[in-house]
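Peer 1: This is a predicted model, with the sequence first.
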Amino acid sequence: MRLRLIPRDERFFDLFVEDVANVLGGARLLEAMLRTYDQPESRAAEIRVIEHRGDEISHDIGQRLEATFVTPFDREDIHALISGLDDILDLIEEVADTFVLYRVDAPTGTAVEQAAIIVRQVEQLHEALTCLQGFKGLERYWIEVHRLENEGDRIVRAAIAALFNDEKDPITLVKWKDIYGLLEATIDMAEDVANVIERIVIKHS
């Protein structure tokens with residue numbers, strides 16, 4: 001058995017789980033905001049608080065990275081993981097703010113579906129990062145994130161085609177094209193994080 005002269009800092013794994021749990025909280029709030037759409041301004045403000053918390057967790061991980069000699073896996077992969085989680089949460093915040101800034105009367109079914117896909121993707125990322133320390137048995141999580149991304153693509157393509165066919169008001173058309181694009185970017189970013197997890201696992205298998 002090979003002994004480590006300098007132990008790895010395993011606390012990173014707890015911080016990754018804390019980070020993704022915070023992202024999941026933001027995703028669930030966005031979905032709730034769009035499903036009820038009763039107080040979009042206050043929901044958006046709650047998401048902003050979660051985004052600030054995400055910045056704090058990322059900062060903690062960054063500081064620990066600088067102070068740690070032996071990390072549990074490659075530093076660039078740790079950076080990619082926390083940056084990707086940050087980006088998901090930034091986009092969730094931007095989606096919520098855009099609904100408020102554009103004074104959207106009510107979300108479309110497509111927007112609600114997209115928000116639900118984001119929640120399901122981040123749930124998979126949460127499960128994966130909870131089990132990351134063993135570097136085994138995680139394939140099903142990134143496969144499901146990819147499947148959900150494909151589902152999101154199909155939904156948004158149909159919605160944008162319908163928008164150009166049916167929407168007569170150019171301002172409304174631009175608003176919804178922007179919102180669908182932001183939601184799609186969030187779905188894509190979740191897939192990017194799944195790719196980072198896959199890369200980490202493959203390197204350690």
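Peer 2: Okay, I see it.
Peer 1: contacts for stretch 194-205?
Peer 2: With CB atoms under 8 Å, 6 or more residues apart in numbering as the test, stretch 194-205 has contacts from 73-74, 77, 80-81, 84, 121, 124-125, 128-129, 132, 135-136, 138-139, 141-142, 145-146. Using the backbone N, CA and C atoms, a C-beta is placed for each residue, glycine as well.
Peer 1: Going by neighbour count, which of the residues you listed are buried?
Peer 2: 73, 77, 80-81, 84, 121, 124-125, 128-129, 132, 138, 141-142, 145-146 (16 or more other CB atoms under 10 Å).
Peer 1: Name the nearest of those residues relative to Tyr37.
Peer 2: The shortest gap between Tyr37 and any of those belongs to Gln121, at 21.8 Å (CB to CB).
Peer 1: how about the nearest residue to that closest one, chain neighbours excluded?
Peer 2: Take Gln121 and drop its neighbours on the chain: the residue closest to it by CB to CB, 6 or more residues apart in numbering is Ala190, 3.9 Å away.
Peer 1: need the longest helix for the protein.
Peer 2: helix 170-204 (DSSP state H).
Peer 1: which parts of that helix are buried?
Peer 2: 175-177, 179-180, 182-184, 186-187, 189-191, 193-194, 196-201.
Peer 1: list the contacts for the residue sitting nearest the centre point of the chain?
Peer 2: Residue closest to the mean C-alpha point of the chain, counted by CA atoms, centre = their mean, is Ile88 at 3.5 Å. Going by CB under 8 Å, 6+ apart, Ile88 touches 23, 27, 118, 122, 186, 189-190, 193.
Peer 1: Equivalent analysis for Met33, please.
Peer 2: Met33 makes contacts with 40, 43-44, 47, 96, 99, as judged by CB under 8 Å, 6+ apart.
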